[in-house]
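Peer 1: Structure for the following, please:
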Amino acid sequence: MIRSATLTLQPSLATFADHSRLRLFSGSANVPLSQEVARYLGIDLGPMVRKRFADGELYIQIQESIRGCDVYLIQPSCYPVNDHLMELLIMIDACRRASARQITAVIPYYGYARADRKTAGRESITAKLVANLITQAGASRILAMDLHSDQIQGYFDIPLDHVYASPVVLDYLVSKQLSDIVVVSPDVGGVARARAFAKKLNDAPLAIIDKRRQAHNVAEVMNLIGDVEGKTAVLVDDMIDTAGTICEGARLLRKEGARQVYACATHAVFSPPAIERLSTGVFEEVIITNTIPIPEDKRFKQLTILSVANLLGETIWRIHEDSSVSSMFR
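Peer 2: Presented below is the predicted three-dimensional model:
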């Protein structure tokens with residue numbers, strides 16, 4: 001099921017009427033999310049021609065004048081990552097050549113983010129490479145949600161607004177009135193994220209899963225730091241890819257006596273065999289957002305999809321009006 005965010009966001013958009021210089025366009029990666037954002041803003045998505053040549057090359061043309069306008073391009077770099085990333089770059093270039101005043105790339109899910117540093121010799125830092133590509137294409141600003149690591153913000157030489165889906169997820173969890181909650185980080189690298197989440201959840205206690213990764217997309221859970229016996233464990237992560245890490249973590253929590261286990265993540269990458277792993281009943285519920293579109297064949301009984309459209313729409317308006325974005329999360 002898909003639920004809309006019910007956030008108290010001020011100032012209300014109903015008090016504004018001038019959208020004359022605000023233009024919103026959607027790439028092909030997540031059109032339903034873009035349409036929800038457009039409805040929140042009270043505008044239509046801009047017309048655009050998108051087609052492919054016989055050899056697979058992409059052609060894009062903006063179908064209205066955007067000269068002197070503030071343009072927002074919504075495009076997560078989800079599967080197929082390379083196609084959607086290239087589409088974003090071409091959209092940016094088209095808007096730059098159409099004399100847009102400012103071009104903001106709205107990237108709900110930032111792909112290639114996991115290679116954010118060198119851990120071995122002769123590796124590429126793709127998170128920085130993609131930042132360079134987007135900047136050189138002509139973007140003036142970035143709006144990203146729940147980056148894999150905060151340091152990626154420093155890879156851009158243009159302004160970047162980093163927003164979080166946690167208010168949407170927290171509102172939903174509070175509405176469930178769960179008792180004896182302990183927030184769990186599935187690895188040491190996610191401790192800061194889990195601690196911030198726990199603080200906003202009435203200072204819930206924190207537990208940490210220590211793991212050893214043998215290879216990419218392969219994780220071996222070793223032990224648990226903290227007490228979960230008889231409690232409701234909420235595993236918090238930025239993304240679920242193959243679900244190996246989070247499912248092994250859930251089994252460990254069950255073994256350590258957790259009464260219930262919930263999974264919360266912003267980005268549902270859901271690469272095979274994620275669906276098979278998540279739908280085995282190890283979780284009471286898997287709570288994700290719609291930063292990445294979830295087709296019907298990737299949905300299962302325990303899955304809950306929360307919408308971040310209102311959050312992104314309010315952020316876009318605040319950027320457009322030069323007002324505070326960070327105050328939304330205080």
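Peer 1: looking at this protein, which helix or strand is least sure?
Peer 2: Counting by mean pLDDT, DSSP states H and E, the weakest-scoring helix or strand in the chain turns out to be strand 2-3, with a mean of 52.
Peer 1: The stretch 201-330 of the chain: strands as residue ranges?
Peer 2: Taking DSSP state E, counting those that start in this stretch as the criterion, the stretch 201-330 of the chain contains strands spanning 206-215, 218-225, 232-240, 260-268, 285-289, 303-306.
Peer 1: phi, psi of residue 54?
Peer 2: Phi and psi for residue 54, reported as degrees, to the nearest 10, are phi -60, psi -30.
Peer 1: Could I get the contacting residues of it?
Peer 2: Listed by Cβ atoms under 8 Å, 6 or more residues apart in numbering, the contact set of residue 54 is empty. Glycine gets a C-beta too; all of them are placed from N, C-alpha and C.
Peer 1: Then residue 110?
Peer 2: 76-77, 127, 130, 144, 147-148, 152.
Peer 1: Now render those as CSV, adding distance to residue 249.
Peer 2: Listed next are the contacts of residue 110 as CSV, based on distance: Cβ to Cβ, whole Å:
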residue, distance to residue 249
76, 25
77, 26
127, 24
130, 28
144, 26
147, 21
148, 18
152, 24
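Peer 1: ChimeraX command for the buried members of the residues you listed?
Peer 2: In ChimeraX syntax, the buried subset of the contacts of residue 110 is picked out as below (16 or more other Cβ atoms under 10 Å):
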select :76,77,127,130,144,147,148,152
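Peer 1: for the contacts of residue 110, which one is nearest residue 138?
Peer 2: Residue 138 lies nearest to residue 130 out of these, by Cβ to Cβ, at 14.7 Å.
Peer 1: in the helix or strand harbouring the closest one, what counts as buried?
Peer 2: Assigned by DSSP states H and E, residue 130 falls within helix 126-137. Across helix 126-137, burial judged by 16+ other Cβ under 10 Å covers 127-128, 130-131, 133-135, 137.
Peer 1: thought residue 42 was touching residue 313?
Peer 2: No - look at residue 42 against residue 313 with Cβ atoms under 8 Å: they stay out of range, at 9.2 Å.
Peer 1: I figured residue 305 was touching residue 290, is that so?
Peer 2: Yes - contact criterion Cβ under 8 Å: residue 305 and residue 290 qualify, at 5.5 Å.
Peer 1: Have a look at these two and say which one is more surrounded.
Peer 2: Neighbour count, other Cβ atoms under 10 Å: between residue 305 and residue 290, residue 290 has more, with 25 against 17.
Peer 1: can you tell me how far the more buried one sits from residue 107?
Peer 2: As judged by Cβ to Cβ, to the nearest Å, residue 290 and residue 107 stand 14 Å apart.
Peer 1: ditto for residue 292
Peer 2: Counting by Cβ to Cβ, the gap from residue 292 to residue 107 is 11 Å.
Peer 1: More neighbours: residue 42 and residue 313, which one.
Peer 2: Neighbour count, other Cβ under 10 Å: between residue 42 and residue 313, residue 313 has more, with 23 against 14.
Peer 1: Need the pLDDT of that one.
Peer 2: Looking at residue 313, its pLDDT is 97.
Peer 1: for residue 6, same thing?
Peer 2: 45.
Peer 1: can you check residue 120 too?
Peer 2: 89.
Peer 1: neighbours of it, just the number please.
Peer 2: 5.
Peer 1: who touches it in this structure?
Peer 2: For residue 120, no residue meets the contact criterion (Cβ under 8 Å, 6+ apart).
Peer 1: what about the chain, any weak spots by pLDDT?
Peer 2: Residue ranges of the chain with pLDDT under 70: 1-18, 212-221.
Peer 1: And residue 126, how close does it get to residue 85?
Peer 2: 10 Å.
Peer 1: try residue 312
Peer 2: 19 Å.
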